[in-house]
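In: structure for the following, please:
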Amino acid sequence: MLGDTTGGDRPERRRALILVENLSVPFDRRVWQECRTLRDAGWEVHVICPRGEKRDTEAEAVIDGVRIHRYPLRAATGGPAGYLREYGSALWHTARLARKVGPVDVVHACNPPDLLFLPALWLKRQGARFVFDQHDLVPELYLSRFDRGEDLLYRAVCALERRTYRAADIVLATNESYRDVAVRRGGKRPEDVFVVRSAPDVERFHAVAPEPELKRGKPHLLCYLGVMGPQDGVDYALRALAKLRDEVGRTDWHAVFVGGGDAFDAMVDLSRRLGLADQVQFTGRIPDADLVRYLSTADVCLSPDPRNPLNDVSTMNKVLEYMVMGRPLVSFDLREARVSAGEAAVYAAANDESEFAGLIAGLLDDPEQRARMGKIGQERITGQLSWRNSQASLLAAYDAACRDHTPVSALAAVRTGKKKRQRS
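Out: Take a look at the predicted model:
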C-alpha cells in the first residue's frame, strides 16, 4: 500500500527514514533488503548510518533510488568511556542529518544500541510513526559479551530498552523468540509486533564451480563466515579443530575463517597457540565473489556460537547463508539455530567442543548426508524462510504504523495552500 490519497485519486508518496548505528548501508544486508522492499512498494527511502572504512565511504549517495546519508564514526575501544564517545557522536550526527532530511512518515530505528529512540521521539513530535527494528536483545548482548553480570550498566541498558519499547508504535522482531520478548518484557500488544526474519539475498548467494586449490592440498575444506566478536564463538571453533586433530586424529582438512571484528587479532593469535596456523586461514572481510568461491568449495560449515543468553534466542545470519549455498553445518544446540536450520545442521551439546569436533568428522566421512543436508537447507531458504515472506510482514508492519496517518507530503501541500491563501 502507498497510503492515503489527496486531491483526487493521486496517491501521496510516503517518506521513510531508517536509522542505523553499528553498520554502514548497504553493507548491512538486512537493512538494505528492507530499503529495497520499501522502495519497490512506492516509499521514498532515506537512511542515516555511519561511513564504512573500506566501502560505503561517501558522505552521501543515492543507490538504487535509496538516498543514504553517512557520518564519520570511530568505533569504541576500551571501556565505557569509549562507548559514550561513540554513541554521543552517533546521536549528534543522526540528529543533524535527520533535520536535513526533514519530516517523514515513518522513522525506522535499528538497534543496537537502544539509543535511537531519542532522535525517533523528536521525529514523532513532528508527526512520524516510530518502527523499532530489534536486531539484538541488548541486555542479553551485554551479559554475553562483557561477563559482568547484572551490574549498574546492565540495569542501564535494560532501562534504555524499556524506553525504546515504550516509544515505538510498531516493533519488528527477527524471530519468534524476540517477538515473545517484545510482548512479555516490552509490554507491546501482540498485534503491534511483526516477525521480519533476516534472509540471504538469493541473487547474491548462488553456487559456482568448486575450486579444489582453495583446500590447500587437503581433501576437505571447512568454512566459517561471520563477525568475530567475543560472543561469536570463533574460539570454540578453533579449540574444536584442535580436538579434531588431536582427539579424533583428523588432519585431512583445511579451514578458512572469513570475516572480521573485535576479536579478529585474538583469534589469529589463538590459532597459533593451538598449533593450527598451517591448517587455518583467516581472510578478513573479502568481496562477495570470493566469499561465494569459498562457500561453493566448502564441505562443512561451522556455526560455533556458544549457548549464552543472547545466542540461544538469536537467528544467526551465517546459518542462513550456509543454507542458501547448500552447505551442511555443525552448530551447538541452540533454540533458534534449530528453528532456522532444522535438519540442515547437526547439533553438538551446548558448548561441547569435543562433540562439535566429532560431528565435523562424521560429516566429512558421509558425502551423501552432506548432500542431503545441503538440499534441505536450500529448500528451507527458498520456502518458509524466504525473504518473500519477510517482505510481506515488513509491508504489513508499515501499513499498521501508518493506519489513519496523513502523509507528510499531503500535510505539506495543505500548509502551502494555507500560506498562498493568506498572501492573496
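
In: low-confidence ranges, the protein, go.
Out: 1-11, 78, 409-424 (pLDDT under 70).

In: what segments of it are strands?
Out: Taking DSSP state E as the criterion, the chain carries its strands at 15-19, 44-50, 60-63, 66-71, 106-110, 129-134, 170-173, 193-195, 220-225, 253-258, 280-284, 300-303, 329-332, 345-348.

In: what's the neighbour count on the closest residue in space to residue 165 that isn't next to it in sequence?
Out: Spatial nearest neighbour of residue 165, excluding adjacent residues (C-beta to C-beta, 6 or more residues apart in numbering): residue 186 at 3.5 Å. (Glycine included, C-beta is placed from N, CA and C.) Using other C-beta atoms under 10 Å, residue 186 has 22 other residues around it.

In: doesn't residue 171 make contact with residue 186?
Out: Yes - Residue 186 lies in contact with residue 171 (C-beta atoms under 8 Å); the separation is 6.9 Å.

In: mind listing the shared neighbours of these two?
Out: residue 165 (C-beta atoms under 8 Å, 6 or more residues apart in numbering).

In: residue contacts, the spatially closest residue to residue 194 that is not a sequence neighbour?
Out: Nearest non-adjacent residue to residue 194, counting by C-beta to C-beta, 6+ apart: residue 397, 4.0 Å away. Going by C-beta under 8 Å, 6+ apart, residue 397 touches 131, 170, 172, 194, 196.

In: which residues does the second one contact?
Out: In this structure, residue 170 makes contact with 129, 130, 131, 132, 192, 193, 194, 397, 398, 400, 401, judged by C-beta under 8 Å, 6+ apart.

In: and residue 63, what are its bridge partners?
Out: residue 66 (DSSP bridges).

In: tell me how many other residues crowd it.
Out: Neighbour number of residue 63 under other C-beta under 10 Å is 15.

In: separation between it and residue 362?
Out: Going from residue 63 to residue 362 by C-beta to C-beta, to the nearest Å gives 44 Å.

In: grab the nearest non-local neighbour of residue 223.
Out: Counting by C-beta to C-beta, 6+ apart, residue 223 lies nearest to residue 298, which is 3.8 Å off, once chain neighbours are set aside.

In: ok, that neighbour touching residue 328?
Out: No - taking contacts as C-beta under 8 Å, residue 298 lies outside contact range of residue 328: 9.2 Å.

In: can you report how many residues neighbour the closest residue to residue 118 other than its chain neighbours?
Out: Leaving aside its sequence neighbours, residue 118 sits nearest to residue 91 (C-beta to C-beta, 6+ apart; 6.1 Å). Residues near residue 91, counting by other C-beta under 10 Å, number 17.

In: surely residue 91 meets residue 115?
Out: Yes - Residue 91 is within contact range of residue 115, at 6.2 Å (criterion: C-beta under 8 Å).

In: ranking the strands of the chain by burial, who's on top?
Out: strand 106-110 (a mean of 28; mean count of other C-beta atoms under 10 Å).

In: that one packs against which elements?
Out: Contact partners of strand 106-110 among helices and strands, from 3 or more C-beta pairs under 8 Å, 6 or more residues apart in numbering; DSSP states H and E: strand 15-19, helix 117-125, strand 129-134.

In: out of those, which comes closest to residue 290?
Out: Taking C-beta to C-beta, strand 15-19 is the member of the helices and strands packed on strand 106-110 nearest to residue 290, at 28.5 Å.

In: could you dump that closest one to PDB, C-alpha only?
Out: Extracted as PDB, the C-alpha positions of strand 15-19 are listed here (Å, rounded to 0.1, in the frame of the first residue of the first chain):
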ATOM      1  CA  ARG A  15       8.700   9.000   3.200                       C
ATOM      2  CA  ALA A  16      10.600   6.600   5.500                       C
ATOM      3  CA  LEU A  17      13.900   7.400   7.400                       C
ATOM      4  CA  ILE A  18      15.900   4.400   8.500                       C
ATOM      5  CA  LEU A  19      18.400   4.900  11.300                       C
END
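
In: so what touches that strand?
Out: By C-beta under 8 Å, 6+ apart, the list of residues contacting strand 15-19 reads 25, 31, 34-35, 38, 43-49, 94, 98, 101, 103-110, 116, 119-120, 123, 128, 133, 398, 407-409.

In: neighbouring strands - and their directions - for it?
Out: strand 44-50 (parallel), strand 106-110 (parallel).
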